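Participant: Give the three-dimensional model of this entry:
(2 chains)
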Amino acid sequence: DTAVSQTPKYLVTQMGNDKSIKCEQNLGHDTMYWYKQDSKKFLKIMFSYNNKELIINETVPNRFSPKSPDKAHLNLHINSLELGDSAVYFCASSLTGEETQYFGPGTRLLVL
Amino acid sequence: QKEVEQNSGPLSVPEGAIASLNCTYSDRGSQSFFWYRQYSGKSPELIMFIYSNGDKEDGRFTAQLNKASQYVSLLIRDSQPSDSATYLCAVNRGSTLGRLYFGRGTQLTVWP
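Facilitator: Reported below is the predicted structural model:
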């Protein structure tokens, strides 16, 4: 069984479009994260939610809006996509009190 | 100054050798330290974490932490071609739940 899953795996879209990425974890964790990994492999946190409450909100354009309907799900909606948004987006989860973060397979976003 | 810096690499070692990966961090108050391995096109996976000064061993992997020098390293003994990957150092400063700062990674190649 997949522990942290993301959909879609690949996303190719035009500039200006709006798209969403979904993440689900079945590990019973209470904290979920979105990371962006650029073409140079730099992995940087964007958001995190703990028990559906926003904990981390890095300096990210407000075109990016996370939403956590419940502890097992964290979605990322991106408005007005730009070329610079092209990257791999990873979802991760962890359990409060345990620092290990488990990563999903990633969503490869290409904006044309 | 970057939060977490890693030796630039790429690092290339022969099979059976010891691979040494290094990482420095800027926040002296950082509390926990992680090494993730990322194969090309895959998601990061945790190899080891360390909290206390000294060495921590797990199979062929040894993490070393020196808080006075703000330095953490990962040694891979008896390197195998399957160890070829990018190794990411991550630091938790302890100020925000789950907030990890990642280095840019060191690419390791183990040649047979």
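Participant: From now on I want contacts and neighbour counts done on CA atoms only, so please keep to that.
Facilitator: Will do.
Participant: how about the residue of chain A found nearest chain B, what does it touch?
Facilitator: Residue nearest to chain B within chain A: residue A:42 (4.9 Å; C-alpha to the nearest C-alpha). By C-alpha atoms under 8 Å, 6 or more residues apart in numbering or on different chains, the contact set of residue A:42 is A:36, B:102-105.
Participant: From the chain's centroid, how far away is stretch B:44-52?
Facilitator: Relative to its chain's centre, stretch B:44-52 lies at 8 Å (C-alpha atoms, centre = their mean, to the nearest Å).
Participant: and that stretch, what's its mean pLDDT?
Facilitator: Stretch B:44-52 shows an average pLDDT of 93 in the prediction.
Participant: Name the residue most distant from the centre of chain B?
Facilitator: residue B:112 (22.5 Å; C-alpha atoms, centre = their mean).
Participant: Next, whatever residue of chain B ends up closest to chain A: secondary structure please.
Facilitator: Nearest residue of chain B to chain A: residue B:104, at 4.9 Å (C-alpha to the nearest C-alpha). Following DSSP: H, G, I helix; E, B strand; the rest coil, the label given to residue B:104 is coil.
Participant: returning to what we had before: could you dump the contacts of residue A:42 into TSV and include distance to residue A:79 and neighbour count?
Facilitator: Shown next, in TSV, are those (distance: C-alpha to C-alpha, whole Å; neighbours: other C-alpha atoms under 10 Å in any protein chain shown):
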residue	distance to residue A:79	neighbour count
A:36	16	21
B:102	26	25
B:103	29	24
B:104	28	23
B:105	30	30
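Participant: Take the residues you listed and write them to TSV, including pLDDT and distance to residue B:92.
Facilitator: Supplementary listing: the contacts of residue A:42 in TSV, determined by pLDDT from 0 to 100; distance: C-alpha to C-alpha, whole Å:
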residue	pLDDT	distance to residue B:92
A:36	96	18
B:102	93	9
B:103	93	12
B:104	92	15
B:105	94	16
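Participant: would you list these in a markdown table and tack on distance to residue A:5?
Facilitator: Shown next, in a markdown table, are the contacts of residue A:42 (distance: C-alpha to C-alpha, whole Å):
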| residue | distance to residue A:5 |
| --- | --- |
| A:36 | 16 |
| B:102 | 22 |
| B:103 | 24 |
| B:104 | 24 |
| B:105 | 24 |
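Participant: Could you report the pLDDT at the residue of chain A closest to chain B?
Facilitator: 90.
Participant: For residue B:86, see how far away it is.
Facilitator: 11 Å (C-alpha to C-alpha, to the nearest Å).
Participant: Just give me the neighbour total for residue B:54.
Facilitator: 12 (other C-alpha atoms under 10 Å in any protein chain shown).
Participant: Hmm, I typed the wrong one, I wanted residue B:69.
Facilitator: Using other C-alpha under 10 Å, residue B:69 is surrounded by 10 other residues.
Participant: which SSE is it in?
Facilitator: Element membership for residue B:69, per DSSP states H and E: none, as it lies in no helix or strand.
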